[in-house]
Each structure stands twice: as structure tokens, then as C-alpha cells.
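A.B. asks: structure for the following, please:
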Amino acid sequence: MSTPRIGETALARGVTATWWYTAVGVAFFVAITALFWILWAWAAPALDAPWRFPLSIAGSVAWIAASILLLLDYRPSVLAARDGERHPPSTLTMAGFVLAALGAILLGLGTSSLLAAAAVVAFVLSVRPWTPGVRWRVVVGATLLVLVLVFVEASAFATQGIPVSAFSAPAFFVLMVPSMTAFSLWWWEIVLELDWARTAESQLAATRERLRLANDVHDLQGHHLQVIALQLELAERLLTKDPAAAAEQIRAAQGAVNEARAGTRALATSFRGVPLPDELENAADLLRAAGHDVRMHVGAGAASAPADVLGPIVRESVTNVLKHGDGARARIDLSRDGDTWVYRMVNDAAGHDGGAGGVGGAEGGADVAWGSGLTGMGERLEVSGGKVEAWNDGTSFTVQVRLPVVHAPVAGTSGLPATTGEHA
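C.D. replies: Residues are numbered from 1 along each chain as shown. Next comes the predicted model:
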């Protein structure tokens, strides 16, 4: 099984949260509708039998429990259908059907209303994972059936001296049950489809980028390899006739090899490049996946901040939090202060041991010992005219980076100081 890319976990978590909001909303609507029928059984003068009120309560509880079970089984059914699989009826579904049938019988008897029982049936029909065309036919049919029952029972209750106004509230909610349920679930499926489309779009963009890189590598390497082959062939022919000329061709081939390696590194660097706002989102996702409660503030114009300098700083500060933080909270800030970009990573670090390293304390905090992490940050920023500060105030550990808006270009190809010599 492939490992999810950074950010996919947060997206999946967002869709899951949307589902729970939807499911809770539907269950709450069912509970409100059931409550109106309980009040009807308690207040209606024609329902004076003492057993009707507790029977209505029992039927309402059974209906609410059935709605929860059927909703819990709805999401796996939709996901299975999306993957082309068949989701067989589960224990949750069977238990939901049994409780729904029990709730319809008890609620109908307790309220002396066929409409109350029809409400449970209409809900069960609306919460099933029908195909789109079938679903709306079922919803329209259930709504029309409920509407007919509303008029029939309103007339019947009127002959018993019960005013229509007393019956209007539960009747209205029952009339809304099929459409409310279906529209809520349909809305969640739209969110799910949008998430699938976004995932497919990102995968397609990644595939196109890989193809572009492959073409660029093919063109670059093909050209240099052809030149190298010709130079080496010429050197072989000149080896016995003119050794000096042959050596010159060999040196030229070595230069072509170095150019090919440098071009390949430049291509790899451009392929790995990530805009700074995306880098910050990835950092927040990574910390959340590790269990941190992350708060992030990104100021206006952050997209123009130098990603080649701040990108490695962001990654290093996240590593620092994961290694040395207490794992509860973290805050990420990037803003512009005049002509300076200010990046700040704060994490809860009570009893921080200083292992992450840093420069002398600032803003009155305790001194923090140097370590390899912030040493590397300082070296990167020194080239660009920036500086890094770190301090521990006893409850939190802060890394703050200040970088001039107009900074010196960073040597090398990946945001790191240039190294001497050639490396494969």
C-alpha cells in the first residue's frame, strides 16, 4: 500500500469531519421530529390512555437508535460503490431495520397516528444508498405519501375536536424528513466527489510534471551523451597519431560530463521546488499527523517570500519540534515586518533539554545551547543576510528567523550553501 502524500491526511480528515457533521445533523433532525410526537402524545386530549406516552417515548428512542445505525452503515456503502465493490448488508443495517420497524409500530400506537409510523418508514427509505435517479424517485414518492397522510389525519383529528394547529408542527417535520435526509446525504456525496476530483487532479498534475521532467532529462542527457560519445571516439582515433589532441578531447568529454551532472542537479532541484505557502501547509499537516494541535498564521504576500531560503528553514524547524517538543501544541507564523520576513515556530517545550540547539536567548528567555539543527539554519541565513534566534521561556521553545526582503542569492541549487568540487 502506497504512503499518502503530505497533506492527504488532512484532506481525508476534513472529508470525514464533513461526514460526521452531516450524520449528526440528520440524527438531530430525527430526534427533533420524534420529540414533537412525544409532546403530541403527552398533550393531545384524545390520547388519555396512560400507556400511550411511554410507548411513544420507547418508539422515539428506537427510531433514533435506528437512524444512528443506518447512518453508520451509509458511508461504507457509498465508499464501496465508488470503488466498484458491493457492500453486503451488515449487522448494523439489519439491526437498524429491526429497530426502525419496532419504532414505527410503537410510535404509531403511542401517538395513535399512522403518520408517525410513516415518518419512520420514510426515513428508512431516504437513508438507503440508492443510485441518484432512484433516490429522488423514492424521496418524491415518500413525500407525496406523507402529504396524503397529513391531510387524511388532519381531517380525522378535526372530527375528534383536535385543532389542526396542534397537529401542524409534527406533521411539518414528518413532511420534511424524506427531503431533509436525502438532501443532507446528497450534499455530503457532493463534497466527497469534489475531494475525489481534487485528488485525481493532483495526481494528474504530478504525472504531467514527471513526464515533463523525463522529457527534460532525456533531452539533456541525450545531447551530452552524444557529444561525449563523439569526443571519445575522436580521442580513440587520435590516441596513436596525436596523443596531445586525444588528451584534449578526453578533457572536453570530462567537461561535458560535468555539465550533464550540473544540469541534472538543476532539473532535480526545480522539480523538488515547493512554493512557500505549500511548504507551510505541509509542515502543519506533518505536525498534526504527529498529534500536535497546530495553529498557523500566514501573512499577506507570503507567496513572494523566498522559498529557496525559508523552505529548508521550515523543514528544519519542523524536525526540531518532532524531535524535541512535548508533542501537544505548535504555532507557525510567517509575516512581513517592514523590509524583513519574520518566520517563527513555537512549540510547547517545558523542560526542553536544548538538544535542538539554538543561539543565545532573546526576549528575556533562557539561553539555549547551540546544536546542529540551528547551526545549519544560521549558516544558510548568513549567506542571505538573515539571522536566527531561539529561546526557551520555560513553557515554550521559540525559533525565530528574520530575513531581509531583498536578500542575497543563495549559492548552490537547493537553498543550501554551495559546496566545492563535483559530486555525483
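A.B. asks: all strands for the chain, in order.
C.D. replies: 293-298, 329-337, 340-348, 387-392, 396-404 (DSSP state E).
A.B. asks: mind exporting stretch 24-42 as CSV, just the C-alpha atoms?
C.D. replies: The C-alpha trace of stretch 24-42 is given here as CSV (Å, rounded to 0.1, in the frame of the first residue of the first chain):
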residue,chain,number,x,y,z
VAL,A,24,-25.1,14.3,13.4
GLY,A,25,-27.4,16.9,11.6
VAL,A,26,-29.6,14.1,10.2
ALA,A,27,-29.8,12.3,13.6
PHE,A,28,-30.6,15.6,15.3
PHE,A,29,-33.4,16.3,12.9
VAL,A,30,-34.8,12.8,13.6
ALA,A,31,-34.6,13.5,17.3
ILE,A,32,-36.5,16.8,17.0
THR,A,33,-39.2,15.1,14.9
ALA,A,34,-39.6,12.3,17.5
LEU,A,35,-39.7,14.9,20.3
PHE,A,36,-42.7,16.6,18.6
TRP,A,37,-44.5,13.3,18.5
ILE,A,38,-43.7,12.7,22.2
LEU,A,39,-45.2,16.1,23.0
TRP,A,40,-48.2,15.3,20.9
ALA,A,41,-48.8,12.1,22.8
TRP,A,42,-48.5,13.9,26.1
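A.B. asks: quick one: contacts of that stretch?
C.D. replies: 47, 52-53, 55-57, 59-60, 63-64, 67-68, 71, 107, 110-111, 113, 116, 119, 123, 127, 166-167, 169-170, 173-174, 176-177, 180-181, 184-185 (C-beta atoms under 8 Å, 6 or more residues apart in numbering). Bear in mind the C-beta positions are built from the backbone N, C-alpha and C, glycine included.
A.B. asks: next one: stretch 184-196
C.D. replies: Residues outside stretch 184-196 that contact it (C-beta under 8 Å, 6+ apart) are 11, 14-15, 18-19, 22, 25-26, 29, 74, 78, 82, 126-127, 132, 135.
A.B. asks: cutoff 7 Å now
C.D. replies: Leu11, Val15, Thr18, Trp19, Thr22, Gly25, Val26, Tyr74, Val78 (C-beta atoms under 7 Å, 6 or more residues apart in numbering).
A.B. asks: got the residues you listed as a markdown table, with pLDDT columns?
C.D. replies: Shown next, in a markdown table, are the contacts of stretch 184-196 (pLDDT from 0 to 100):
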| residue | pLDDT |
| --- | --- |
| Leu11 | 46 |
| Val15 | 71 |
| Thr18 | 83 |
| Trp19 | 85 |
| Thr22 | 89 |
| Gly25 | 92 |
| Val26 | 92 |
| Tyr74 | 87 |
| Val78 | 82 |
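A.B. asks: most neighbours among these, which one?
C.D. replies: Val26 (26 neighbours; other C-beta atoms under 10 Å).
A.B. asks: returning to what we had before: of the contacts of stretch 184-196, which is the nearest to Thr398?
C.D. replies: Leu11 (29.5 Å; C-beta to C-beta).
A.B. asks: hang on, the earlier thing: just give me the closest of the contacts of stretch 184-196 to Ala300.
C.D. replies: Closest to Ala300, out of all of the contacts of stretch 184-196 and judged by C-beta to C-beta, is Leu11, at 24.7 Å.
A.B. asks: what average pLDDT does stretch 37-54 get?
C.D. replies: On average, the pLDDT along stretch 37-54 is 75.
A.B. asks: go on, stretch 123-136?
C.D. replies: 84.
A.B. asks: circling back: in helices only, show me the contacts of stretch 184-196.
C.D. replies: Among the contacts of stretch 184-196, DSSP state H puts Leu11, Val15, Thr18, Trp19, Thr22, Gly25, Val26, Tyr74, Val78 in helices.
A.B. asks: hey, where'd the helices end up in the stretch 251-400 of the chain?
C.D. replies: Secondary structure of the stretch 251-400 of the chain (DSSP state H, counting those that start in this stretch): helices located at 276-289, 307-324, 372-384.
A.B. asks: dump those helices into JSON lines; add distance to Asp333 as well.
C.D. replies: Formatted as JSON lines, the helices of the stretch 251-400 of the chain follow (distance: least, C-beta to C-beta, whole Å):
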{"stretch": "helix 276-289", "distance to Asp333": "10"}
{"stretch": "helix 307-324", "distance to Asp333": "11"}
{"stretch": "helix 372-384", "distance to Asp333": "16"}
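A.B. asks: CSV please, covering the ones you listed and showing mean neighbour count, distance to Leu239 and mean pLDDT.
C.D. replies: Below are these laid out as CSV (neighbours: other C-beta atoms under 10 Å; distance: least, C-beta to C-beta, whole Å; pLDDT from 0 to 100):
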stretch, mean neighbour count, distance to Leu239, mean pLDDT
helix 276-289, 20, 52, 82
helix 307-324, 21, 45, 82
helix 372-384, 18, 45, 72
